[in-house]
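S.K.: What shape does this take:
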Amino acid sequence: MVAINQHNLVAQLNLGDVGNTAEKGAALETVVQETFCLFEGVGLLYTNATDEAGSLELDIVLYNQAHGAGLPFLPNYIIIECKNWAQPVNCATLRAFTSKLRSMRLKFGLLVAANGITGVAAEHTASHAHLRDEFKMDGVIVLVLTRAEFVALTATEELGALLRQKFGKFIMGMAAF
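M.R.: The predicted structure is shown next:
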């Protein structure tokens, strides 16, 4: 278990909050990257990476060596999209993210959305419906973490437990995202 410095995390996000849209996004990306890289066996491959054609951009790409004290239940590559928006992330944005995952033949991604996603989780409406459809159609799993969930974390053990819980609920068809 590694402690997450909440003071630094919140300070970085607050600094981003007074900036422009790019600075807000960069603050969330930095916090997410630094927090995930605290896990044993997890490291950064790329930030703000663009494919050769310039048609696809990824906020964060991590490698995961599935270390027992890390994130062994997640795949070798973790794609993370960060949206530090005042509004919930809409379905069109989620479609773009799941399209990126499919184009890379990946079945897993994380969306860290400051204010979650549109729709009602329990009723699988709007963005929630899209995520269910992606799973039913192609087995694509996108877990959603909110900013509030993220800033409440005090240790990597808590983040790992939260991800396990969300993963389990997602594959069982429960409202976990």
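
S.K.: low pLDDT regions in the chain?
M.R.: Where the chain drops to pLDDT under 70, the residues are 175-177.

S.K.: I would like the residues contacting stretch 37-49, please.
M.R.: Here stretch 37-49 makes contact (C-beta atoms under 8 Å, 6 or more residues apart in numbering) with 2, 4, 29, 33, 36, 57-71, 77-78, 156, 159-160. Every C-beta, even on glycine, is put in place using the N, C-alpha and C of the backbone.

S.K.: Show me which of those residues are buried.
M.R.: Listed as buried from those are 4, 29, 33, 36, 58-62, 64, 70-71, 78, 156, 159-160; burial here means 16 or more other C-beta atoms under 10 Å.

S.K.: Distance-wise, check the residue lying farthest from the centre of the chain relative to Phe73.
M.R.: Within the chain, Ala53 marks the point farthest from the mean C-alpha position, 24.3 Å out by C-alpha atoms, centre = their mean. According to C-beta to C-beta, to the nearest Å, Ala53 and Phe73 sit 33 Å apart.

S.K.: Also Ala122?
M.R.: According to C-beta to C-beta, Ala122 and Phe73 sit 24 Å apart.

S.K.: More neighbours: which of the two?
M.R.: The neighbour comparison of Ala122 against Phe73 (other C-beta atoms under 10 Å) goes to Phe73, with 12 against 9.

S.K.: For that one, what is the enclosing helix or strand?
M.R.: Assigned by DSSP states H and E, Phe73 falls within no helix or strand.

S.K.: Check Gln87 too.
M.R.: Secondary structure from DSSP H and E places Gln87 outside every helix and strand.

S.K.: Now it. Nearest residue, chain neighbours left out?
M.R.: Asn115 (6.2 Å; C-beta to C-beta, 6 or more residues apart in numbering).
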